[in-house]
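Engineer: what's the 3D shape of this:
(2 chains)
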Amino acid sequence: DTAVSQTPKYLVTQMGNDKSIKCEQNLGHDTMYWYKQDSKKFLKIMFSYNNKELIINETVPNRFSPKSPDKAHLNLHINSLELGDSAVYFCASSQDQGLESTDTQYFGPGTRLTVL
Amino acid sequence: DQQVKQNSPSLSVQEGRISILNCDYTNSMFDYFLWYKKYPAEGPTFLISISSIKDKNEDGRFTVFLNKSAKHLSLHIVPSQPGDSAVYFCAARLQGAQKLVFGQGTRLTINP
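Structural biologist: Here you go, the predicted structure:
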């Protein structure tokens, strides 16, 4: 009965490869997000989707492409992986677009990506 | 240009005492502030929040204080319990925007 799930939990890959991280939420939420936690531990938003529509795109390289097949899923595809992409990536969801004070974001467990 | 900062990377407190976690921000357009708690190998979970029109919000053992003039907020946990040992993230929301801006977290350790 996991609310927000991500796969895989760990991902180790070589520079230049293409990889995907999957995210699913069973909370019936309309909005989903991808965050990156960098080496300095800051959690920074990358994208948000509301009902499969892109809402936020935070100056992320276009090697990163989110894909939302339906409102319960938001997958992250990364092309031509670079060393600097190594980080923990968190998926999250919220009922609405986060504009209401009661609209809490629920996070997945994270995917630790290591690029060698 | 980190707009939300938690300047203490770690804090150690004895069980039963008060834990105080601090957070500073620079953008006066933030209208809502949140604290998240994170255990190892898990995602952050929402703990408590406060609107910019208030200066205090209390929920059980957790109280968040907001000082707008100083652009500072703090989370008080009293009494501290071993299960409170975790990383605590402060986050802020820009007025009219959806995204949250997070600090880098403070690792709280409660010693028995």
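
Engineer: Nearest to chain A within chain B, name that residue for me.
Structural biologist: B:G43 (3.0 Å; CB to the nearest CB). Just so you know, the C-beta spots here come from the backbone N, C-alpha and C atoms, and that holds for glycine as well.

Engineer: what's the burial count for the closest residue to that residue other than its chain neighbours?
Structural biologist: Nearest-residue entry for B:G43: A:F107, 3.0 Å, with adjacent residues in sequence omitted and distances by CB to CB, 6 or more residues apart in numbering or on different chains. Using other CB atoms under 10 Å in any protein chain shown, A:F107 has 22 neighbouring residues.

Engineer: in the sheet, who's paired with A:F107?
Structural biologist: Here A:F107 sits in beta bridges with A:A92, going by DSSP bridges.

Engineer: Wait, it touches A:V4, no?
Structural biologist: Yes - using CB atoms under 8 Å, A:F107 is in contact with A:V4, at 6.2 Å.

Engineer: any weak-confidence spans in the chain?
Structural biologist: I went with chain A, as the question did not name one. A:1, A:97-102 (pLDDT under 70).

Engineer: Please refer instead to chain B.
Structural biologist: Along chain B, the parts satisfying pLDDT under 70 run over B:1.

Engineer: Okay, strands next: where are they in it?
Structural biologist: In chain B, the strands defined using DSSP state E lie at B:4-5, B:10-14, B:19-25, B:30-38, B:45-51, B:56-59, B:62-67, B:72-77, B:86-94, B:100-102, B:106-111.

Engineer: Right, I'll call it a day here.
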